[in-house]
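> This is the structure alone, sequence omitted:
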């Protein structure tokens, strides 16, 4: 089976990119002929698949991001036309793909949620943005294109949003959760890393540590997290924020202005977050919008109860009071209360076990198996090669 997978750029900290890497490995391991079509994918493992680089020029001055995405989409469509692929799977909103993986969710839904934190002029600017109008137009055209046979959703929330915004028939929607390596992320990380990681950061053993992991601070709720942390009853609790963002310094200043300079640690981006999963007592991601964050799944696999939002796909794994809580990302007082609740679960073996239990069936092997079953069902007679 000849399969083309499309992702425009590689971000070593991105969840979608990690999904692509895992899918590529699984497919190549099963004997499929896999081609990755990308603009820039440096640093990804290359064994077992072919890479086509499509990096057409575009006007950064006049077209910006919309021109960038449009030029890439046209180049990809040309590669599809001459590649004679059995299956084309896009992780970008490009009309004409057979499979679309909605790993970034629904752009129209993200704009709706983002508007809740914007001022009147910012909302007007968002509505007139050439980039947002292009993405929403491409999204609509892709969902309406006759070539589209299946949409891979990484949460039930995303499937519901696609139905709501674009009226795609449920029969086309396949919920395939992200996989996590449960041998890499596990509760034993606490024994391996807790003491040393806390000591290096100057955090006492008996202080509750709540961990945030994610890039894109605005979307993933860092401003709301800091506001809520300032209102916690547990003033001894520490917040550790791991991730890259161009507003890192601005959020550090926000933390200081809220009196949190001694309680919040910003680590910046880390290639290996396992030491902090081991050092933490809970995980928090009050995101404005996140289809299904890998970080939440990694945290659960590591035995960390979580607090996340009603606009996060991970909400479906949370059982209130057992392995965490779900809250409106903009309900700051309620979020603060659940941060206190999460801090109160420090050392709770039952909560850690309940968190781990969620992740145990969501292995990389399970994800790969469901993907392969999907490809076989779409590939017809040629799928017998896989």
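Thanks, I have the structure now. Only a predicted model underlies this, so the values are computations on that prediction, with no experimental measurement involved.
> what mean pLDDT does stretch 63-73 have?
The average pLDDT within stretch 63-73 is 94.
> Return the helix or strand in this structure with minimum mean pLDDT.
Across the helices and strands of the chain, the lowest-confidence element by mean pLDDT, DSSP states H and E is helix 15-29, at a mean of 70.
> Following element in sequence after that one, please.
Moving toward the C-terminus from helix 15-29, the next helix or strand (DSSP states H and E) is strand 33-38.
> Other residues contacting whichever helix or strand comes after that next one?
Sequence order places strand 50-53 as the next helix or strand after strand 33-38, per DSSP H and E. By Cβ atoms under 8 Å, 6 or more residues apart in numbering, the list of residues contacting strand 50-53 from outside reads 33-41, 79. C-beta coordinates here come from the backbone N, C-alpha and C atoms, glycine included.
> Could you work out the most separated pair of the residues you listed?
Comparing every pair within those by Cβ to Cβ identifies 33 and 40 as the most remote, at 22.6 Å.
> okay, those two: which has more neighbours?
Between residue 33 and residue 40, counted using other Cβ atoms under 10 Å, residue 33 has the larger neighbour count: 17 against 13.
> Now do the contacts for the more buried one.
The contact partners of residue 33, by Cβ under 8 Å, 6+ apart, come to 1-3, 50.
> In helices only, show me the residues you listed.
Among the contacts of residue 33, none falls in helices (DSSP state H).
> Just the buried ones out of those residues, please.
By the neighbour-count criterion of 16 or more other Cβ atoms under 10 Å, these include these buried positions: 1-3.
> mind putting the residues you listed in a markdown table, distance to residue 111 included?
A markdown table is the format used below for the buried ones among the contacts of residue 33 (distance: Cβ to Cβ, whole Å):
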| residue | distance to residue 111 |
| --- | --- |
| 1 | 36 |
| 2 | 36 |
| 3 | 31 |
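> if we take the residues you listed, which one ends up nearest to residue 274?
Closest to residue 274 out of the buried ones among the contacts of residue 33 is residue 3 (31.2 Å), distances taken as Cβ to Cβ.
> I'd assumed residue 374 was in contact with that closest one.
No: checked against Cβ atoms under 8 Å, the pair residue 3 and residue 374 is beyond contact range at 11.0 Å.
> where does this structure dip in pLDDT?
Within the chain, the stretches with pLDDT under 70 are 11-16, 18, 23, 26, 43-48, 379-386.
> quick one, what contacts the residue nearest the centre of it?
By Cα atoms, centre = their mean, the mean C-alpha position of the chain lies nearest to residue 293, the distance being 3.5 Å. Residue 293 sits next to 15, 214, 220, 285, 287, 312-314 when contact means Cβ under 8 Å, 6+ apart.
> Now residue 276. Nearest residue, chain neighbours left out?
Take residue 276 and drop its neighbours on the chain: the residue closest to it by Cβ to Cβ, 6 or more residues apart in numbering is residue 211, 5.5 Å away.
> how about that neighbour, secondary structure?
For residue 211, the reduced secondary structure class is strand; criterion used: DSSP: H, G, I helix; E, B strand; the rest coil.
> Would you check that it makes contact with residue 296?
No: proximity of residue 211 to residue 296 does not meet the contact threshold set by Cβ under 8 Å, at 10.8 Å.
> list residues touching both of these two?
Contact criterion Cβ under 8 Å, 6+ apart; residues shared by residue 211 and residue 296: residue 283.
> out of those two, which sits in the busier spot?
More neighbours sit around residue 296 than around the other of residue 211 and residue 296, counting by other Cβ under 10 Å; the figures are 31 against 26.
> sec struct for the closest residue to the more buried one other than its chain neighbours, please.
For residue 296, the nearest residue in space outside its immediate sequence neighbours is residue 314; the separation is 4.0 Å by Cβ to Cβ, 6+ apart. Reducing the assignment to helix, strand or coil with three-state DSSP, the entry for residue 314 is helix.
> The closest residue to residue 304 other than its chain neighbours: how many residues sit nearby?
Take residue 304 and drop its neighbours on the chain: the residue closest to it by Cβ to Cβ, 6+ apart is residue 283, 4.4 Å away. Around residue 283 sit 27 other residues, with neighbours defined as other Cβ under 10 Å.
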